[in-house]
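Trainee: dropping a prediction and its sequence here:
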Amino acid sequence: MTGGNGGMTVTESEALAALHRVFGYDAFRGEQEAVIEHVITGGDAVVLMPTGGGKSLCYQIPALVRPGTGVVVSPLIALMQDQVDALRALGVRAGFMNSTQDFDERRVVEAEFLAGELDLLYLAPERLRLDSAQDLLSRGKISVFAIDEAHCVSQWGHDFRPDYLTLSVLGERWPDVPRIALTATATHATHREITERLGMPDARHFVASFDRPNIQYRIVPKADPRKQLLSFLREEHAGDAGIVYCLSRNSVEKTAEFLSRNGIEAVPYHAGLDAGTRAAHQARFLREEGLVVVATIAFGMGIDKPDVRFVAHLDLPKSVEGYYQETGRAGRDGLPSTAWMAYGLNDVIQQRKLIQSGEGDEAFRRRANQHLDAMLGLCETVRCRRGQLLAYFGQDPDPAGCGNCDTCLTPPETWDGTVAAQKVLSTVVRLQRERGQKFGAVQIVDILLGRRTAKVIQFDHDQLSVFGIGEELTEAEWRGVVRQLLAQGLLAVEGEYGTLVLTEASGAVLRREREVPLRKEPKKPATSRSGGSGSGRGERKAKAAAAELPEELQPAFEALRAWRAEQAREQGVPAYVIFHDATLREIATVWPTSVGELGGISGVGEKKLATYGEGVVAVLAGLTAPGDGGAGSEDSGRPDDWPDEEPEPDGW
């Protein structure tokens, strides 16, 4: 590689050497090599790569091999300390500057930067706006600018940060320094917006696959969501770390308390908690195994914990981008994980109300409705959910389906809901035209079922011609009809009370010019597994088994985990900063008897080898190695059922 950084020349072997020396890996994966080569030679890049796909290496390696300090712009102030600690554990000279530091701490970092003693410097975008910060950077040598979570620049996006709009100054003030903008979530429109707002017209674009095949996507009909969640956790993820997302702070608090009361260790996280509590709960999640965090969307961006086994939603996300980003926090280590959501009629009504009553002009509301329509389409699809998700991001799905989502494992039934739709729409019409009234879904369903409730009697709705014409369906089925009509745009929500009104498209149904296919509602809503039985369940178990160690190697793996936990406690860092589970599994399999042998294992770089090598070998020396043909023998190699490739570790 030959680059335009003052005539410097960087060979491909230097990048590979840094990868092996620092991170302990022998080869790049996917688009990493092409991105790194382009940036090292001085080119700008826009990188779309899924969570866990190894985005960070795309700027870390250039920062290590180009002269100067790599400056990383990140909105994740609460995580900068952990990010820097993880890099320092690898022997990388990293630092950060943000509002959590006092004056003396910032002066030390400034001095290290000016002296050329930092490989990477993390800054928040609001700090970079300050003249003092820009003046500081002008006095040092910068190797690369990395703009992480670049989707934050999009005003239509799910995580808009106004400070990102000023980052075009980087290209204007430092035109010779390559820039790399990275995100895990962006549609084509957001992709263009990133390029335009950051002033990167000549950037080369790299788009990796959005597919996360180890994640099983499941959406179940909402009945009693907290009890459904509890059943899901007990049956499938007992003792696992995970994240549960709720829409409101109140729901977060109640759900965390409910789980704790029922024997699942859970803590709340939302913007209403004081900063100290939020920091403590985040630190526990990163450092402890098996903790569940119940949170609003305020939690999760930049979380590098590789062994999050599930992400659950008790409320409907506002967009597919948000859903993808949140579910992507599961299974960063490549092992089987679950994206589970409980979804019902009230979710649709609530989100529509929020859009109508929220701030913003008509264009904003129209865009928000488009985002919600796409999310509802994902929930209501009868086709492969993963395929629908990939298609949303412009990627061609497998026409045969993925085989690892609920709609593939247990294909939903459909039925001709045209007559049922006409009955619902006619009831809305009768109320509005004959009585000048608007009501919500509960009253509509009661009228259709012929229920003489207090409210029905109060308004004489038992005198309507549509009263009792829907007794062929159950209440749950009628609620499903209303939900799907809302999702298809054949009904709309109006006002703060969520009353139902017709749309322009309703007339075609009432005139019998349009058919309305609907999903069949399950007779008994599943408590957890929607499509988790039969051959699909067996297939999922088989995938999990492929990542498990043979029984005779489990004691070594557990002993290594116990040693790792002790090291993490002593150093005050998350366990995965020491070694990932994938690395411990390989150590237990190879059973190195010397520090030299340990150095050949994936994920063990020079710094970690020097720091932990003797400790790891000592742990194994205190155990009894498996006998002839086992892991300790010369010709043992890996077990026959070990995957051809290691699961991709977090950040790799």
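Mentor: All right, it came through fine.

Trainee: please count neighbours and contacts with C-alpha atoms only from this point.
Mentor: Will do.

Trainee: pull out the buried residues from stretch 470-486.
Mentor: By neighbour count with 16 or more other Cα atoms under 10 Å, stretch 470-486 contains the buried residues 470, 475-486.

Trainee: kindly report the same for stretch 371-386.
Mentor: 371-380, 382-386.

Trainee: average pLDDT across it?
Mentor: Averaging pLDDT along stretch 371-386 gives 89.

Trainee: who touches that stretch?
Mentor: Stretch 371-386 has contacts (Cα atoms under 8 Å, 6 or more residues apart in numbering) with 211, 217, 219, 317-320, 343, 348, 351, 388-389, 397, 401-402, 405-408, 411-414, 484, 487-488, 519.

Trainee: among the residues you listed, name the ones in helices.
Mentor: Counting by DSSP state H, the part of the contacts of stretch 371-386 found in helices is 320, 348, 351, 388, 389, 406, 407, 408, 484, 487.

Trainee: quick check, pLDDT for the first one.
Mentor: This means residue 320. As summarised for this prediction, residue 320 has a pLDDT of 90.

Trainee: and if you look at the third one?
Mentor: Here, the pLDDT recorded for residue 351 equals 88.

Trainee: repeat that for the last one.
Mentor: As summarised for this prediction, residue 487 has a pLDDT of 85.

Trainee: quick one, what contacts it?
Mentor: Neighbour list for residue 487: 348, 373, 376, 377, 380 [criterion: Cα under 8 Å, 6+ apart].

Trainee: do you know how far the first one is from residue 382?
Mentor: Distance, residue 348 to residue 382, by Cα to Cα, to the nearest Å: 18 Å.

Trainee: how about residue 345?
Mentor: Distance of residue 345 to residue 382, given as Cα to Cα: 17 Å.

Trainee: residue 214 now?
Mentor: In terms of Cα to Cα, residue 214 sits 21 Å off from residue 382.

Trainee: try residue 251
Mentor: Distance of residue 251 to residue 382, given as Cα to Cα: 30 Å.

Trainee: then residue 412?
Mentor: 6 Å.

Trainee: could you do residue 280 as well?
Mentor: 42 Å.

Trainee: check residue 227 too.
Mentor: Going from residue 227 to residue 382 by Cα to Cα gives 26 Å.

Trainee: and the ones in helices among the contacts of stretch 371-386 as CSV, adding distance to residue 427?
Mentor: Listed next are those as CSV, based on distance: Cα to Cα, whole Å:
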residue, distance to residue 427
320, 32
348, 20
351, 23
388, 33
389, 35
406, 34
407, 32
408, 36
484, 16
487, 18
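
Trainee: any stretches of the stretch 251-400 of the chain with poor pLDDT?
Mentor: By pLDDT under 70, the weakly predicted segments of the stretch 251-400 of the chain are 302.

Trainee: please apply the same query to the chain.
Mentor: 1-12, 155-159, 302, 522-548, 627-652.

Trainee: which residues touch residue 407?
Mentor: If a contact means Cα under 8 Å, 6+ apart, then residue 407 has 382, 383, 384, 385, 531 as its contacts.

Trainee: can we see that at 10 Å?
Mentor: Contacts for residue 407 were tallied using Cα atoms under 10 Å, 6 or more residues apart in numbering; they are 217-219, 381-386, 401, 413, 530-531.

Trainee: one more: residue 144?
Mentor: Contacts of residue 144 were listed using Cα under 10 Å, 6+ apart, and they are 39-40, 42-44, 59-60, 62-64, 66-72, 120, 174, 176-180.

Trainee: from these, which land in strands?
Mentor: Among the contacts of residue 144, the members found in strands (DSSP state E) are 69, 70, 71, 72, 120, 179, 180.

Trainee: what is the nearest of those residues to residue 509?
Mentor: Of all the ones in strands among the contacts of residue 144, residue 509 sits closest to residue 180, with 50.1 Å by Cα to Cα.

Trainee: how close does that closest one sit to residue 454?
Mentor: Applying Cα to Cα, the value for residue 180 to residue 454 is 63 Å.

Trainee: who has more neighbours out of the two?
Mentor: Of the pair residue 180 and residue 454, residue 180 is the one with more neighbours under other Cα atoms under 10 Å, namely 27 against 9.

Trainee: quick check: bridge partners of that one?
Mentor: Beta bridges link residue 180 to residue 45, residue 146 when assigned by DSSP bridges.

Trainee: that one contacts residue 148, correct?
Mentor: Yes - look at residue 180 against residue 148 with Cα atoms under 10 Å: they come within range, at 8.3 Å.

Trainee: overlap of the contact sets of these two?
Mentor: With Cα under 10 Å, 6+ apart, residue 180 and residue 148 have common neighbours 47, 59, 72.

Trainee: could these be laid out in CSV, adding distance to residue 626 and neighbour count?
Mentor: Listed next are the shared contacts of residue 180 and residue 148 as CSV, based on distance: Cα to Cα, whole Å; neighbours: other Cα atoms under 10 Å:
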residue, distance to residue 626, neighbour count
47, 45, 25
59, 42, 28
72, 46, 25
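
Trainee: sorry, back to before: in helices only, show me the buried residues of stretch 371-386.
Mentor: If you go by DSSP H, the buried residues of stretch 371-386 have 371, 372, 373, 374, 375, 376, 377, 378, 379, 380, 385, 386 in helices.

Trainee: reformat these as CSV; add distance to residue 295.
Mentor: Formatted as CSV, those follow (distance: Cα to Cα, whole Å):
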residue, distance to residue 295
371, 22
372, 21
373, 24
374, 23
375, 20
376, 22
377, 25
378, 22
379, 21
380, 25
385, 24
386, 24
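
Trainee: which of the residues you listed sits closest to residue 300?
Mentor: Minimum distance to residue 300 across those is 19.9 Å, recorded for residue 375 (Cα to Cα).

Trainee: with adjacent residues omitted, what lies nearest to residue 393?
Mentor: Closest residue to residue 393 apart from its sequence neighbours, by Cα to Cα, 6 or more residues apart in numbering: residue 187 at 5.1 Å.

Trainee: ok, now which ones touch the one you found?
Mentor: By Cα under 10 Å, 6+ apart, the contact list for residue 187 reads 48, 151, 157, 193, 320, 321, 392, 393, 394.

Trainee: of the ones in helices among the contacts of stretch 371-386, closest to residue 23?
Mentor: Proximity of the ones in helices among the contacts of stretch 371-386 to residue 23 (Cα to Cα) peaks at residue 389, which lies at 32.1 Å.

Trainee: before we move on, the earlier item: closest to residue 246 out of the ones in strands among the contacts of residue 144?
Mentor: residue 72 (30.6 Å).

Trainee: closest to residue 559 among the ones in helices among the contacts of stretch 371-386?
Mentor: Closest to residue 559 out of these is residue 406 (36.6 Å), distances taken as Cα to Cα.
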